[in-house]
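Novice: I'd like to go over a predicted model; first the sequence, then the structure.
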Amino acid sequence: MKTMSWSAGDDMETQISIIKSFRVMKRTAEKLKLISGSALKENSELSHLDPNIVNLVDNLQSKIDILAEPFTNIIKINVTDSVPAFSQQLANTIALAYKEVHVQKQTSRTVEAIKYIAAQLKKVRLELKESEEEFTKFTQKHQLVSIDLQSENLIVRIQQIKNELQKLNTTQSEINSLLLKLDRFVKNPVDSGNNFYSTYASEQYKAANDSLMALLLNVDSLLKDYTNKHPQVVAIKRNIIETARMMKILLQLQNKDIDNKKIELEKSLAGVEVKTDLLMAKKLEYDRMKRKVTSYNDMVVLLEKKNQEALITRSEKPDEVTIVKPARLPIYPINPPKTAAKGTAGAVIGLILGMVIAFMVETFDTSLGAISEVEKEVGVPVVGIIPHLGAKAIKKAQQGQKSQASLFKEKIQLIAHFDPQSMVAENFRGLRSNICFHNLEKKIKTLIVTASSPGEGKTSIACNLAITMAQLEMKTLLVGCDLRKPTLYRAFGMEKKPGLVDVLLGTYSPQDVIRTITDLIMGEMGMDDVMATPGLDNLHIMTCGNIPTNPSDLIESKALMNLINDLKKEYDFVIIDTPPILSTNDPVMLGSIVDATLLVYRIGSVSKALLKRSVLQLSQTKSNLIGVVLNDMKAEVSPDFQDYKHYKSYYSYGKEKKNKPANGGIKKLISLITRK
């Protein structure tokens, strides 16, 4: 039976909308191999789709037009495309895709039911097998072949032991009663009417009782003729008392024997009860497993029945969609393109828009790009240029420092150590030379590296500059003084604490927190990374330590000033990494303490107004700003860097060109030095 529903809408219009729906178009794209079948699932939501797939489906929808033939249930599919063969293929494929989707919709519930039943049947069969194996193992392990018979035997045995105990208790009660009567008789043997016979007594006791009765009868007959003091009467009475005492002893022995038997029976009863309890517990588990096997078996039978019913229902579905006529290959185009007119209009519009966009970009760009612009605006010389680190340079540095996973999270590349022959490393050595020249003039031993805003690469500049100083055999100390968002310690793969803050608070001494090459080898870098290039043995590092709650107070403290003076005596050069100027006041305060300040400016990152503001703040505290380092210089951004790309091959030390003699470059270098 087909599910019927009433609606005020037109059924043919509904089918037209279904043909143009995303689901049908997606299946059409799969049949045309425009997308893979695994790229999109039937029930996935549009929000989870690849935008490229959505755009492709939208493009296909724009090519088709669906019409219903008047007074019929026939739908006509029109496709418009620049390729005739593709338009024919697309029209036929849409019809096939719609037919499949319609059939799938009609049988979707049955198909889903079959899938669900099959999955459940597989699961229940597996559970049935596991429960049967578990039941068999449990039965074999505990030898529960006939558990009902075993439990019945144990119950019978318990009852037998209890009956025996009851008999022993009755016998013992009778014996105790006889003992009391014998005690009274021994004390007063005058009464001859006592009867000490008992069926529970032993045979020896019964024989003694018969002797006692005979003696009592004998003494009664003698007393008829003699008195109690007659020797024969006295002798018989003495025998009577001895016999009574012997009977008493026999009863006591029998009573003791009964006690021993009771103890043994009670032990046997306790053992049988323990066995019964264990067997009952096993029986409960046995019954539970048996019910579980029966339950799973019933479920398998039920699911197999439902599966057959669903398969029969699916086979009964009729085919309601038929392709009346396939699409034919078109011979003539319906709308020839006007290439010349559209091309001319597009070129003019593109030229105008390009000029407008270029004017707007130039107008709103307030950053500085050229060296002359920077020196003119801030009045400070440019002492170093660090070019843009391309993908090849980053890949080469990553190959040299495989163990530094945390380094790349912070985007800090130690190019001066891991790729010393690159052009970028040479630029860091040029920056080192310029600073050394200032050192000759003004005796600079402490230098802070700062920037206007975060993300300009000040930490990267400080790390690589410290490495180049150490490679010059200068005893160099690199200090992480960014007490808010420190990243320097991650560049070298070491722990953040203890560090500078701990020294300023007096918790540690400087010697306790300064890291050397040994700490680098024991850290994340490892032996291979440390030994990649010589020079790190001259580099010492002091990390920031615990992040304090009052960084500004520590920066302005006398402890920091005293620490810097002590470090100047011990090291040839001290480089301090500080936070950005516009974010905190720490660099401004440090600038008045140290010998020199180095300002890092990433090309195009901040406006010239912010850069000038940073220089002004440093000048207000009389900081010795020796220059600006232009970081991330690109040829397409700054005209001053256009010629740098022609000298890239010059920095590939140790590599010779194939078609030139090995000594050609040496001769040119000697002639150049001679001319100079």
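Specialist: Perfect, I can see it now.
Novice: quick one, domains of this protein?
Specialist: The chain is divided into the following domains under automatic domain parsing: 11-107, 158-300, 371-648.
Novice: Between those domains, which one is closest to Arg125.
Specialist: domain 158-300 (5.9 Å; Cβ to Cβ). (Glycine included, C-beta is placed from N, CA and C.)
Novice: Give me the distance from the strand or helix carrying Ile564 to the chain's centre.
Specialist: Per DSSP states H and E, Ile564 falls inside helix 558-570. Remark: helix 558-570 is offset 46 Å from the chain centroid, using Cα atoms, centre = their mean, to the nearest Å.
Novice: Summarise which helices and strands it is packed against.
Specialist: Here helix 558-570 touches strand 446-451, strand 476-480, helix 500-504, helix 510-513, strand 573-577, going by 3 or more Cβ pairs under 8 Å, 6 or more residues apart in numbering; DSSP states H and E.
Novice: With distance to Asp519 added, can I get the ones you listed in CSV?
Specialist: As requested, those are exported to CSV (distance: least, Cβ to Cβ, whole Å):
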stretch, distance to Asp519
strand 446-451, 22
strand 476-480, 13
helix 500-504, 15
helix 510-513, 10
strand 573-577, 18
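Novice: can I get the ones you listed in TSV with mean neighbour count?
Specialist: Listed next are the helices and strands packed on helix 558-570 as TSV, based on neighbours: other Cβ atoms under 10 Å:
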stretch	mean neighbour count
strand 446-451	26
strand 476-480	26
helix 500-504	23
helix 510-513	13
strand 573-577	25
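Novice: Same list, these, but as a markdown table with distance to Gly526 and mean pLDDT please.
Specialist: Listed next are the helices and strands packed on helix 558-570 as a markdown table, based on distance: least, Cβ to Cβ, whole Å; pLDDT from 0 to 100:
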| stretch | distance to Gly526 | mean pLDDT |
| --- | --- | --- |
| strand 446-451 | 27 | 92 |
| strand 476-480 | 19 | 92 |
| helix 500-504 | 25 | 90 |
| helix 510-513 | 22 | 90 |
| strand 573-577 | 23 | 93 |
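Novice: returning to that earlier point: hey, which of the domains of the chain is tucked in deepest?
Specialist: domain 371-648 (a mean of 19; mean count of other Cβ atoms under 10 Å).
Novice: and the helix holding Ile564 with strand 573-577, angle?
Specialist: 140 degrees (axes from the mean of the first three to the mean of the last three Cα atoms, to 10 degrees).
Novice: Check the gap between Leu251 and Asn239 for me.
Specialist: 19 Å (Cβ to Cβ, to the nearest Å).
Novice: so where's the stretch 251-400 of the chain uncertain?
Specialist: 277, 279, 281, 316-319, 336-337, 361-370, 390-400 (pLDDT under 70).
Novice: Backbone dihedrals for Thr227, please?
Specialist: phi -90, psi 180 (degrees, to the nearest 10).
Novice: For it, give me its contacts.
Specialist: Val233 (Cβ atoms under 8 Å, 6 or more residues apart in numbering).
Novice: what's the answer for the one 3 residues further on, then?
Specialist: Residues in contact with His230 (Cβ under 8 Å, 6+ apart) are Leu222.
Novice: packing partners for the one helix or strand Gln308 maps to?
Specialist: Taking DSSP H and E as the definition, Gln308 sits inside helix 231-315. Secondary-structure packing of helix 231-315 (3+ Cβ pairs under 8 Å, 6+ apart): helix 108-142, helix 147-187, helix 203-222.
Novice: now the angle between helix 231-315 and the last one, please.
Specialist: Counting by the same axes, to 10 degrees, helix 203-222 lies at 150 degrees to helix 231-315.
Novice: From the contact counts, what lies against helix 203-222?
Specialist: helix 231-315.
Novice: following the helix it packs on, which helix or strand shows up next?
Specialist: Next element after helix 231-315 (DSSP H and E): helix 339-364.
Novice: Give me the nearest residue to Cys436, chain neighbours excluded.
Specialist: The shortest distance from Cys436 to any residue other than its chain neighbours is 7.9 Å, reached at Leu472 (Cβ to Cβ, 6 or more residues apart in numbering).
Novice: thinking again about what came up before, need the domains of the chain in TSV with distance to Val321, can you?
Specialist: Shown next, in TSV, are those (distance: least, Cβ to Cβ, whole Å):
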stretch	distance to Val321
domain 11-107	5
domain 158-300	38
domain 371-648	54
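Novice: mind checking which of those is nearest Lys306?
Specialist: Proximity to Lys306, assessed across the domains of the chain by Cβ to Cβ, is greatest for domain 158-300 (10.4 Å).
Novice: Figure out how far the closest one is from the centre of its chain.
Specialist: 77 Å.
Novice: Just the endpoints, please. Distance across that domain?
Specialist: In domain 158-300, first residue to last residue: 43 Å (Cα to Cα, to the nearest Å).
Novice: Stretch 469-484 too?
Specialist: For stretch 469-484, the first-to-last residue distance is 26 Å (Cα to Cα).
Novice: Touching, Arg157 and Val272? I think so.
Specialist: Yes - Arg157 lies in contact with Val272 (Cβ atoms under 8 Å); the separation is 5.2 Å.
Novice: and the residue nearest to Cys436, what does it touch?
Specialist: Shown in contact with Leu472 (Cβ under 8 Å, 6+ apart): Arg432, Cys436, Gly535.
Novice: how many neighbours does Ala347 have?
Specialist: 10 (other Cβ atoms under 10 Å).
Novice: Contacts only, for it.
Specialist: Counting by Cβ under 8 Å, 6+ apart, Ala347 has no contacts.
Novice: measure it to Gly604 for me?
Specialist: From Ala347 over to Gly604 the distance is 31 Å, taken as Cβ to Cβ.
Novice: Pull the number of nearby residues for Thr322.
Specialist: Neighbours around Thr322, by other Cβ under 10 Å: 8.
Novice: quick one: contacts of stretch 58-71?
Specialist: For stretch 58-71, contacts defined as Cβ under 8 Å, 6+ apart pick out 12-13, 16, 19-20, 25, 28-29, 74-81, 87, 90-91, 94.
Novice: Between the two ends of stretch 71-83, how far is it?
Specialist: End-to-end distance for stretch 71-83, by Cα to Cα: 33 Å.
Novice: pLDDT of it, averaged?
Specialist: Averaged across stretch 71-83, pLDDT comes to 88.
Novice: Check stretch 162-177 too.
Specialist: On average, stretch 162-177 scores 85.
Novice: Tell me which residues are up against that stretch.
Specialist: 198, 200-201, 251, 254-255, 258-259, 261-262, 265-266, 269.
Novice: Check stretch 496-512 too.
Specialist: 479-481, 483, 486, 489, 513, 542-548, 554, 557, 559-560, 563, 566-567.
Novice: mind redoing it with 10 Å?
Specialist: Residues outside stretch 496-512 that contact it (Cβ atoms under 10 Å, 6 or more residues apart in numbering) are 477, 479-483, 486-490, 513-515, 540-548, 551, 553-555, 557-560, 562-563, 566-567, 570, 576.
Novice: Now do the helices for the stretch 351-500 of the chain: every range, in order, please.
Specialist: Assigned helices in the stretch 351-500 of the chain, in chain order: 371-378, 391-400, 405-409, 415-418, 423-442, 458-471, 488-491, 500-504 (criterion: DSSP state H, counting those that start in this stretch).
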